[in-house]
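In: next input, structure requested:
(3 chains)
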Amino acid sequence: MIGNIAALAIVPVAGVAGIIFGLLFKGLDRVLGARMQARVGPPLLQPFIDVKKLLMKENIVPQNAVAWLFNAAPVAALCASIALLLYIPLFGSGALLEGSGDMVLVVYLLLLPSLAMVAGGFASGSHYATVGAQREMVAMLSYEFPLAIAVVSAAWLLASKAIAVQAFSLAALSAFPLWSLVGTLGFVGLAVLLAVLLFVMPGELGKAPFDVAEAETEIAGGVLAEYSGVNLALFYLADAVKSFAMAAIIVAIFLPWNATAMLSISDMWAGAAAGALFFLAKVFAVMFAGNTFMRIALARLRITQVVRVYWGYASAAALAGLLLIAAELVLVV
Amino acid sequence: MKGQWCFMAEKETMRHGKQRLDTGAGRGDEETMQHAKGGTSFTISIGPVHPALKEPIQLDFEIEGEKVKNADLRLSQAHRGIEWIGTNRNPIQILYLAERICGICNVCHTLSFCRAVESIANIEVPPRAQYIRTVTAELERIHSHMLWAGVAAHELGFDSVMHYTWRAREKVLDTIEILTGNRVTKGMPTIGGVRRDFPEKHHKRILETVGFYKSIFGKLQDMLLHDPVIEARTRGIGVLKKEEALALCAVGPTARASGVKRDVRQDEPYAAYCDLGVRAITPKEVLGEVHGDVFDRIAVRLAEVAQSADIIEHCVRNIPEGKIVFEEKPIKVLAQLRGAQGEGIGRLEAPRGEVFHYVKMTGQEAPYAWKVKAPTYSNLLSILPMMREAQIADIPIIAASIDP
Amino acid sequence: MKPDAVLKDLQKKLGANILEARIAEHAEGGKKKHVAKSIWVKVGKSAFKDAVAELCKMHPNIYFAVISGCQEGDIVELNYHFSFNYAEPGEEFFVTLKVALPKSGLSLPTITNLVPGALISERETQEMFGVRIEGIPDPRRIFLDDGFPQGVFPWRRDETGPQKLVKKINEADE
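Out: Coordinates of the predicted model:
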C-alpha cells in the first residue's frame, strides 16, 4: 500500500470525496424520502445548494455563549468525520491508514462528532440547546452498547476462524468475509447483528425516529438551535460525511465483497471503476435501509423510549446474535 | 372533585413576578416550591414563536431534566379587538368580520352570529338553507380534523402521515371551492339563510367527496390508531380526567375524549341536526374504554370525520326544495334588524368545540354588545392539568391535542 | 331539571333578590323543529354569589360558557352564561345570570371556587371592563398585553373606552 507520508497528502482528497458523496447521498435520501411521502421533493443537488447558502450567511454567536467552544465544535465535528474516512476501506480499495486495531479506533471516532455537538450545545447558552445536548449524551450512552457488541462479535468470529490475522482490523474483515466463515446458526446470528447495526445507524446519525437531540417541534432544533451560517454549514457537512462513513463501516464489516475480484476484471481502471460503483451501491443500500426507510416509516420517540429501545431491545438482539455465533463456534469447532 | 384543582399563589416567580397555576395539583405544594427554589430547574418558553405552535400563545414551563414541573400560559400576544370593531358595524358587515375570527372554522363563527341575530329578530330560516348550512359546516369539520391529524403527526415527528392527511384534505378543499367559490373562507351563511345554493350538478361532487373519505377511513385508522410508535407516544400522555374536564368546562373533542358526552349538535340541535339525531362520540364508542389521553383525542376526531361524512351524505340525499334565504335583499334585512331589540345567544358545535356568540341589539344599526367565545377559550385551562408529569417531548403534542 | 323548574327553584331560594326573570324560546330546525329555551335572570349584586351557588347545587358540574356584558350610562351589566343538562340529547338550555354594577362599585366576588373553569373569563372581565373580581386566584391580565395602557377598558363606551387608541390611517398624523 501507499506509505503513511503519502497517505497524509491524500487526506484533503479523502475529505473532499467524503463531502461530495455524503452530500450526494443526502440529496438522494431527501428525494427518495419525498417520493415515499408522495411528494416531489427537492432537486438531487439541494444539499450542495444548502451548504452554499449557509456559507454565505452571517455567523451569529449568542451573547451568553462560550464563544471559542461554540466556534470550535463544528470544526471538530467535521474533522472527526473526515478522520473516520481515513480508516474505512472506500471505493473497493483498502483504507488510507491501516492498523492492527482500526476497528476500535473507528468506533471511538464515530463518537467524536456527537461529542462535538454536545459541547457546542452546552456552549451555546440556550435552554433548547442544553436540553438537546443532554439528550444527545443520553442517546450516545444508549446506542453505544449494541454497537460495541456487534463490532466485538464480528472480531471474535474472525479471530476464532482465521487465527493468523489481526482480528480488529477492517482490512482483515475485507479479506475474510464473515458470512463465508459460518454455518446456519452463525449466519442467523450475523443477520441479527447486521439488523442491529442498521438499527443503531439512525441513532448514531441523529435521524428519525431517534432525532431526539434536534427534535424541531419540541426543542426547536436542540443542539443546533443557536447555530447559523458557516458553523451550521460545518455541522451539516459533518453530518453528511458521518452518514457516509457510518454506512461504509457497515459495508466494510458485513458486506465486504469486492466487485473486481468477483467479476475477475483484469483491466486495472475498469476494475477500479467497477469496485467503486459496487461499493457505492452497497453504501446506498445500507443508507436506504438504515436511514431513509426508518425515517419515513416511524415517528419520533421520546428520549426515555430511545434508551429503552437501545438498552433493551437492541442490546438483547445483539446479545442473541452474539450467543448464536458463540453457539456455533462451540458446537461446530 | 373541585378540591383536586387547587389554584396556588406562589411567591417564587417564573418571569413576571405574579401568580400562576400549579399543574402538579396532585402532589404536595412543598415539593413544587422546592423545585422552584432549587438550582436544578430552569424555564423554557414554548411560543409565541416556536415551530410546534402555529398561534401566538406562550407556554412557560419550569423544567427539571426532561420533566415538566410547572406550567403557565400567556395569551396576550395578539388581541385584534374584533368585538369592538363589530359594535361599530351593521350585522351584514359583521358577517365578514366574524368569518375572520378563525380561519379554519369560519362558517361556525358566521353561523353562530347569524343564529344569535335570528333569535333576536325572530327570523325563520328556510329548511333548504338549514341543510346547506349543515353540509358546509360538516365539510368544514372534515377539513379541520384532517388538518389537525396532520399537525398532530408532525408534532410527533411523523411527517409521512402529515403529508398523507394533508393530501387527503385537498379533496374537501377542492369541493368547498366548487361549492362556495373559495377554498377556506366560505362566505356561505347570511342572516336568515345562505348566500349560495347547491345546484343538482354539485350533489354528485359532494357525494364523491364523502365516498373518498369513507374509502380512506380504514387507512387513516391504520396509520394513526394502529401504529405502535404513535400509540407509545400518545397513550397515557396528557391525561384529562373526566372530573377535570367537567370542572374546567372543557368543550368539543377535548371534553368528549375525556368521556363527557356533550356535543351541541346533540344537546341543543340546530339547523338540520334536528332531523338527524347526531350523537356525541366518546372513546367508549370507538375504542371501548376512556383514558382521556392524547390517543383518545386522536380517535375521537377520526371517528368524527366518518360521522361528518355520514351527515353530509344524508343531508345531500334528503335536501328539501325551497328558498335559500328568507329575504334576498340585504337592505330589507337590515331594515328589519333595525327594529329588533333584545339579546340572543347563538351557539353551535365547531370542529374544536362549542362556539358561543352573545349579541345585544338596542334598535340601532350596530349591535350594542357582541361577545364571542371560541372553543379554545374554554379548553385552554385544560392544558395545565394535561401537562402534569409530562416530558418535554410531550409538550407539543399535548398542546396540539386541544387543537388550539 | 326543566327550565321552568329551575326558575321556580331559583325564585323560591332568592326571593326578592331576583329583579327580573324570563324564559325565552326560539324554534329552529330543518324539517323538524327544536325549541331552544333559555332563562334570563337578573339578580342583585349582593345575591349574585348565592345565585351561582344555587345553580351549582341544582346541577352538579354546571357548564360555564363565558361572561359577556356591556356598559350603558352609569351601569356595567355583566351576563354569566351557564348551561344545564348538557350531554342529554335535546335537553340542554342556557341560564344567564345578569348583574348590574354601578360605576361607583365595580366589584364582584369570584366564582372560581364553585366553577374553576371561569378563571379565564373573570380575568378577561377584569381587564376589559375594569370590574374588580374579589378573590380571583390569578389577577394578571390575559388577553391584553402588559404594555397596554392602564385605565383603558376596551369594552367600555365611556371616557375609559379604547376610542382614543384608534389610529385613523386615512388622517394625517398631527
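In: okay, and the helix or strand of chain A with the least pLDDT?
Out: helix A:259-262 (a mean of 62; mean pLDDT, DSSP states H and E).
In: mean confidence score for the helix or strand just after that helix?
Out: Next helix or strand after helix A:259-262 toward the C-terminus (DSSP states H and E): helix A:268-287. The pLDDT scores in helix A:268-287 average 80.
In: now swap in stretch A:157-177 and tell me
Out: 71.
In: likewise stretch A:236-250?
Out: Mean predicted confidence for stretch A:236-250 is 89.
In: phi first, then psi, for residue B:122.
Out: phi 50, psi 50 (degrees, to the nearest 10).
In: nearest residue to it other than its sequence neighbours?
Out: residue C:26 (7.6 Å; CB to CB, 6 or more residues apart in numbering or on different chains). Placement of C-beta: from N, CA and C, glycine included.
In: what do you get for residue C:13?
Out: Per CB to CB, 6+ apart, closest to residue C:13 is residue C:54, 5.1 Å.
In: OK, contacts around the one you found?
Out: Neighbour list for residue C:54: C:9, C:10, C:13, C:14 [criterion: CB atoms under 8 Å, 6 or more residues apart in numbering or on different chains].
In: give me the next element, helix or strand, following the worst-scoring helix or strand of chain B on mean pLDDT.
Out: For chain B, using mean pLDDT, DSSP H and E, the weakest element among its helices and strands is helix B:29-37, scoring a mean of 40. Per DSSP H and E, the first helix or strand lying C-terminal to helix B:29-37 is strand B:42-46.
In: what secondary structure does the residue nearest to residue C:13 sit in?
Out: helix (DSSP: H, G, I helix; E, B strand; the rest coil).
In: residue in chain C with the shortest distance to chain A?
Out: residue C:146 (22.2 Å; CB to the nearest CB).
In: how much space between that residue and residue C:115?
Out: For residue C:146, the distance to residue C:115 (CB to CB, to the nearest Å) stands at 27 Å.
In: quick one, the strand or helix carrying residue A:190 and helix A:268-287 angle?
Out: Residue A:190 belongs to helix A:184-205 when assigned by DSSP H and E. If you take axes from the mean of the first three to the mean of the last three CA atoms, to 10 degrees, helix A:184-205 sits at 80 degrees to helix A:268-287.
In: what's the mean pLDDT across helix A:184-205?
Out: Helix A:184-205 comes out at a mean pLDDT of 84.
In: tell me which strands and helices it is in contact with?
Out: Where contact means 3 or more CB pairs under 8 Å, 6 or more residues apart in numbering or on different chains; DSSP states H and E, helix A:184-205 is packed against helix A:127-161, helix A:229-254, helix A:293-297, helix A:315-332.
In: please identify the most buried of those helices.
Out: Most buried of the helices and strands packed on helix A:184-205, by mean neighbour count (mean count of other CB atoms under 10 Å in any protein chain shown): helix A:229-254, with a mean of 25.
In: just how off-centre is that one within its chain?
Out: Mean-position distance between helix A:229-254 and its chain equals 6 Å (CA atoms, centre = their mean, to the nearest Å).
In: before we move on, what SS does residue C:139 have?
Out: Local secondary structure at residue C:139 is given as coil here, using three-state DSSP.
In: pretty sure it contacts residue C:122?
Out: No - taking contacts as CB atoms under 8 Å, residue C:139 lies outside contact range of residue C:122: 9.2 Å.
In: these two: which is more packed in?
Out: Ranked by neighbour count (other CB atoms under 10 Å in any protein chain shown), residue C:139 and residue C:122 place residue C:122 first, with 23 against 16.
In: what bridges to the residue nearest to residue B:122?
Out: Residues in a beta bridge with residue C:26, per DSSP bridges, are residue C:36.
In: so it is in contact with residue B:119, correct?
Out: Yes - using CB under 8 Å, residue C:26 is in contact with residue B:119, at 4.2 Å.
In: show me the common contact partners of the two, please.
Out: B:344, C:36.
In: right, and the helix or strand after the helix or strand hosting residue A:30?
Out: Here residue A:30, judged by DSSP H and E, is contained in helix A:4-36. Once the chain leaves helix A:4-36, the next helix or strand it forms, by DSSP H and E, is helix A:46-56.
In: ok, then the element right after that next one?
Out: helix A:67-86.
In: in that following helix, what's buried?
Out: Of all the residues in helix A:67-86, those buried under the rule 16 or more other CB atoms under 10 Å in any protein chain shown are A:70-86.
In: before we move on, back to that, which element is the residue of chain C closest to chain A on?
Out: Using DSSP H and E, residue C:146 sits within no helix or strand.
In: that one contacts residue B:76, correct?
Out: Yes - using CB under 8 Å, residue C:146 makes contact with residue B:76 at a distance of 6.9 Å.
In: and the residue nearest the centre of chain B, how close does it get to chain A?
Out: Centroid-nearest residue in chain B: residue B:352, 1.6 Å away (criterion: CA atoms, centre = their mean). Per CB to the nearest CB, to the nearest Å, residue B:352 is found 20 Å from chain A.
In: dump the residue contacts of that residue.
Out: Residue B:352 touches B:105, B:144, B:251, B:252, B:253, B:254, B:374, B:375, B:376, B:379, B:402, B:403, counting by CB under 8 Å, 6+ apart.
In: which of those tops the neighbour count?
Out: Busiest of the contacts of residue B:352 [other CB under 10 Å] is residue B:251, holding 34 neighbours.
In: the residue lying closest to that residue once chain neighbours are set aside: neighbour count?
Out: Leaving aside its chain neighbours, residue B:251 sits nearest to residue B:353 (3.3 Å; criterion: CB to CB, 6+ apart). A count of nearby residues for residue B:353, using other CB under 10 Å, gives 28.
In: for residue B:353, which residues are in contact?
Out: Here residue B:353 is in contact with B:250, B:251, B:252, B:253, B:254, B:255, B:375, B:376, B:378, B:379 (CB under 8 Å, 6+ apart).
In: which non-adjacent residue is nearest the third one?
Out: Of all residues not flanking residue B:252 in the chain, residue B:353 sits nearest, at 2.2 Å (CB to CB, 6+ apart).
In: and the gap between the residue most central in space within chain A and residue B:123?
Out: The centroid of chain A falls nearest to residue A:246 when counting by CA atoms, centre = their mean (1.9 Å). Computed as CB to CB, the residue A:246 to residue B:123 distance reads 70 Å.
In: pass me the low-pLDDT residue ranges in chain B, would you?
Out: Within chain B, the stretches with pLDDT under 70 are B:1-40.
In: ugh, wrong one, I meant the stretch 1-150 of chain A
Out: Along the stretch 1-150 of chain A, the parts satisfying pLDDT under 70 run over A:1-8, A:91-100.
In: more neighbours, residue C:146 and residue C:115?
Out: residue C:115 (24 against 11).
In: so which strand or helix has the nearest residue to that one once chain neighbours are set aside?
Out: Nearest residue to residue C:115, sequence neighbours excluded (CB to CB, 6+ apart): residue C:64, at 4.5 Å. If you go by DSSP H and E, residue C:64 is part of strand C:63-72.
In: any buried residues in that strand, and which?
Out: Counting neighbours by 16+ other CB under 10 Å, strand C:63-72 gives C:63, C:64, C:65, C:66, C:67, C:68, C:69, C:70, C:71 as buried.
In: that one: how far from the chain's middle?
Out: On CA atoms, centre = their mean, the centre of strand C:63-72 falls 3 Å from the chain's centre.
In: next helix or strand past that strand?
Out: Next element after strand C:63-72 (DSSP H and E): strand C:75-84.
In: residue contacts, the residue nearest to residue A:121 when sequence neighbours are not counted?
Out: Distances taken as CB to CB, 6+ apart put residue A:133 closest to residue A:121, at 3.1 Å, once the chain neighbours are dropped. If a contact means CB under 8 Å, 6+ apart, then residue A:133 has A:117, A:118, A:119, A:120, A:121, A:122, A:213, A:222, A:223 as its contacts.
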